[in-house]
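A.B. asks: Show me the folded form of this:
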Amino acid sequence: MGRAAQCIAAALLCVLLLCACDPYDGYRPYDYGEAKWVCEEYDAWFLIDENLKMKFCGEIIVGGEKKNIAVRFLKADFVAIVPYEMVDGEVKLAYEDYLWHGDAKFSPTELVLHSPMVNYLFDEDDEEVVFVRQELDEAPAA
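C.D. replies: Residues are numbered from 1 along each chain as shown. Below you'll find the predicted structure:
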């Protein structure tokens with residue numbers, strides 16, 4: 001192999017390795033163990049429970065009506081909130097099934113949703129919606 005071909009092969013290998021890396025791996029809410037994530041402003045919550053096998057279910061109040069939801073952590077910093085019945089089986093989700101879909105900021109204590117591409121849940125598209133982590137045996141904040 002010539003020197004140029006080796007350089008091209010090395011560059012392609014680097015690109016492939018970088019594309020396979022997820023900079024958010026280890027930083028999503030499920031990476032911090034079992035907990036209840038609560039957004040008091042919208043009376044919303046979801047559980048991280050190892051028994052649910054990546055189906056993070058919860059509830060939200062929208063227009064005075066309680067909705068069962070599932071939170072999905074997609075590639076990179078994308079998050080989707082969908083009706084729970086959409087993930088209660090092996091249904092393939094379509095983009096139009098999302099109740100909320102957008103970017104998120106992750107930390108061990110907070111999940112901040114922002115910059116939605118789809119928003120049928122929260123009042124304003126430009127607001128940040130904050131979920132705070134609570135241990136499962138911890139009493140709700142007063």
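A.B. asks: Helices along this protein, start to end?
C.D. replies: Using DSSP state H, the helices found in the chain span residues 3-20.
A.B. asks: ok, now which ones touch the residue nearest to E85 when sequence neighbours are not counted?
C.D. replies: Closest residue in space to E85, ignoring its immediate chain neighbours: N68 at 7.3 Å, by Cβ to Cβ, 6 or more residues apart in numbering. Any C-beta I mention is one placed from the backbone N, CA and C, and that applies to glycine too. By Cβ atoms under 8 Å, 6 or more residues apart in numbering, the contact set of N68 is C57, G58, E59, P83, Y84, E85.
A.B. asks: Among the residues you listed, which one has the most neighbours?
C.D. replies: Within those, neighbour counts (other Cβ atoms under 10 Å) peak at G58, which reaches 21 neighbours.
A.B. asks: what is the nearest residue to it once chain neighbours are set aside paired to in the beta sheet?
C.D. replies: Leaving aside its chain neighbours, G58 sits nearest to F46 (3.0 Å; criterion: Cβ to Cβ, 6+ apart). Beta-bridge partners recorded for F46 (DSSP bridges): W37, G58.
A.B. asks: Near F46, how many other residues are there?
C.D. replies: So F46, with other Cβ under 10 Å, has 23 neighbours.
A.B. asks: per-residue confidence at D97?
C.D. replies: At D97, the model reports a pLDDT of 83.
A.B. asks: Now do it: how many residues are near it, please.
C.D. replies: What D97 shows, counting by other Cβ under 10 Å, is a neighbour count of 15.
A.B. asks: and if you look at P23?
C.D. replies: 9.
A.B. asks: Can you tell me how far it is from F106?
C.D. replies: 11 Å (Cβ to Cβ, to the nearest Å).
A.B. asks: Can you pull the residues that touch both of those two?
C.D. replies: Joint contacts of P23 and F106 (Cβ under 8 Å, 6+ apart) do not exist.
A.B. asks: quick revisit: list the contacts of the residue nearest to G58.
C.D. replies: F46 neighbours (Cβ under 8 Å, 6+ apart): K36, W37, F56, C57, G58, I69, A70, V71, F131.
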